[in-house]
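In: Take a look and give me a structure for this.
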Amino acid sequence: MRWVDYRKTLRPRFGIVWRDIGLCYLFLAFGVLVLAPVPASWPVWADVVLVAAAACWTGFWLHSLFLFGHEAAHTNLAPRRKTNDRLGDWFVWILYGSTTVNYRYTHMAHHAHLGDHEDTETTYHLCLSVLNMLKAVTGIHVLEVLLRKRSLSQPRKKSSRTSSGLLASVRSFAVHAAILTALVVTGSYLAALTWIIAVGAVFPLLATVRTVVEHRHLDAPCDVDFSVELHGPVNRMFGTGPVSRTFGSAGFNQHLLHHWDPAISYTRFPEMALFFSRTPLAADMEASRTGYGAAVRTLITEARRG
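Out: Now for the predicted structure:
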């Protein structure tokens with residue numbers, strides 16, 4: 001069977017998608033609320049340890065939930081696009097200051113131009129240096145990305161897209177403010193601090209590192225400006241164990257498959273991988289395999305070399 005015929009049988013399993021989104025919210029809530037009953041009499045060092053651990057946990061699941069905004073852009077949350085977009089806006093993008101339509105507009109150019117100078121998602125231009133990681137953990141890089149995407153999303157239907165993006169930003173700010181207000185009013189100060197660190201530091205760091213690991217050449221030196229030099233397309237296949245699947249939520253651990261056919265839902269990647277394992281492309285799949293830890297270590301080593 002040809003791929004163009006087989007792919008028609010790989011409809012998204014929407015039940016699995018919404019189960020996974022629900023788990024993200026459940027684990028998010030646990031990361032914040034677990035600190036609500038902590039007594040004020042505990043020593044400061046214990047508070048610091050608890051907040052740090054809870055912030056890492058919460059930021060991790062914020063990052064996982066964020067990846068379902070990507071699934072919404074590919075219409076993999078619901079069968080009808082209009083319903084899909086609304087669900088994506090209210091159940092995912094509501095925390096991230098964007099909309100399904102706005103993200104889709106810039107993201108599709110990423111698929112069409114991966115590795116060239118018209119790519120709209122170029123975080124992989126960064127090496128994993130100390131300076132770049134500081135920019136990531138302080139949210140500076142995320143702000144740069146948002147400003148760049150906003151400018152890219154304006155040329156076509158400028159007024160409607162700009163207004164919807166502004167509305168999404170205001171709505172997201174209101175949601176975060178409401179969460180913090182509720183935690184402070186109920187006296188859950190450690191939980192409020194956890195949310196601030198998770199949103200402002202942990203999530204941006206994870207999002208930056210993941211994108212670099214997915215698409216950057218492992219031997220690319222830090223001193224090359226890829227806005228001038230051509231980087232070229234790179235995609236990877238990571239592990240299929242529980243850690244890799246969780247960090248690569250929504251199928252990002254098998255990112256090569258997604259770039260081979262962006263319309264296929266991550267819920268059908270096992271069948272997709274099996275299909276291509278029986279074709280000459282099996283060699284490309286195997287050559288792209290690595291682990292998140294191995295890739296990060298290699299990129300950090302290369303960054304130290306300059």
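
In: Excluding chain neighbours, what is closest to residue 71?
Out: Spatially, and ignoring its direct neighbours in sequence, residue 71 is nearest to residue 250 (5.1 Å; C-beta to C-beta, 6 or more residues apart in numbering). C-betas here are computed from N, CA, C, even on glycine.

In: What ranges does the stretch 151-300 of the chain have for its helices?
Out: 158-185, 189-197, 203-215, 242-247, 255-260, 269-277, 282-287, 292-305 (DSSP state H, counting those that start in this stretch).

In: Identify, out of those, the most deeply packed stretch.
Out: helix 203-215 (a mean of 23; mean count of other C-beta atoms under 10 Å).

In: pull the CA atoms of that one into CSV?
Out: Coordinates of each C-alpha in helix 203-215 appear next as CSV, following Å, rounded to 0.1, in the frame of the first residue of the first chain:
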residue,chain,number,x,y,z
PHE,A,203,8.4,26.6,31.2
PRO,A,204,10.5,29.0,29.0
LEU,A,205,13.7,27.0,29.7
LEU,A,206,12.1,23.7,28.8
ALA,A,207,10.5,25.1,25.7
THR,A,208,13.8,26.6,24.5
VAL,A,209,15.9,23.5,25.2
ARG,A,210,13.4,21.1,23.5
THR,A,211,13.3,23.1,20.3
VAL,A,212,17.1,23.4,20.1
VAL,A,213,17.4,19.6,20.7
GLU,A,214,14.9,18.8,18.0
HIS,A,215,16.4,20.8,15.2
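
In: in the stretch 1-150 of the chain, what spans have low per-residue confidence?
Out: 39-41, 145-150 (pLDDT under 70).

In: quick one: the strands in it?
Out: Ranges of strands within the stretch 1-150 of the chain: none, based on DSSP state E, counting those that start in this stretch.

In: Could I get the helices of the stretch 151-300 of the chain in CSV, plus columns for distance to residue 69 and mean pLDDT?
Out: Below are those laid out as CSV (distance: least, C-beta to C-beta, whole Å; pLDDT from 0 to 100):
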stretch, distance to residue 69, mean pLDDT
helix 158-185, 11, 85
helix 189-197, 19, 94
helix 203-215, 11, 94
helix 242-247, 17, 84
helix 255-260, 14, 97
helix 269-277, 18, 97
helix 282-287, 26, 96
helix 292-305, 21, 91
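
In: do you know which of the ones you listed lies nearest residue 3?
Out: Residue 3 lies closest to helix 269-277 among those, at 6.8 Å (C-beta to C-beta).

In: got a list of contacts for that closest one?
Out: 3, 6, 7, 10, 251, 254, 257, 260, 261, 264, 282, 285 (C-beta atoms under 8 Å, 6 or more residues apart in numbering).

In: Need the nearest residue in space to the first one, chain neighbours excluded.
Out: Which is residue 3. Using C-beta to C-beta, 6+ apart, the nearest residue to residue 3 is residue 275, at 6.8 Å.

In: Distance-wise, check residue 254 relative to residue 8.
Out: 20 Å (C-beta to C-beta, to the nearest Å).

In: on that earlier part again, so the residue nearest to residue 71 touches residue 66, yeah?
Out: No. Using C-beta atoms under 8 Å, residue 250 makes no contact with residue 66, being 9.1 Å away.

In: More neighbours: residue 254 and residue 8, which one.
Out: The neighbour comparison of residue 254 against residue 8 (other C-beta atoms under 10 Å) goes to residue 254, with 25 against 8.

In: quick one: the closest residue to residue 213 other than its chain neighbours from residue 61, how far?
Out: Distances taken as C-beta to C-beta, 6+ apart place residue 295 nearest to residue 213, at 4.7 Å, with adjacent residues excluded. According to C-beta to C-beta, residue 295 stands 22 Å off from residue 61.

In: cool, residue 37 as well?
Out: 20 Å.
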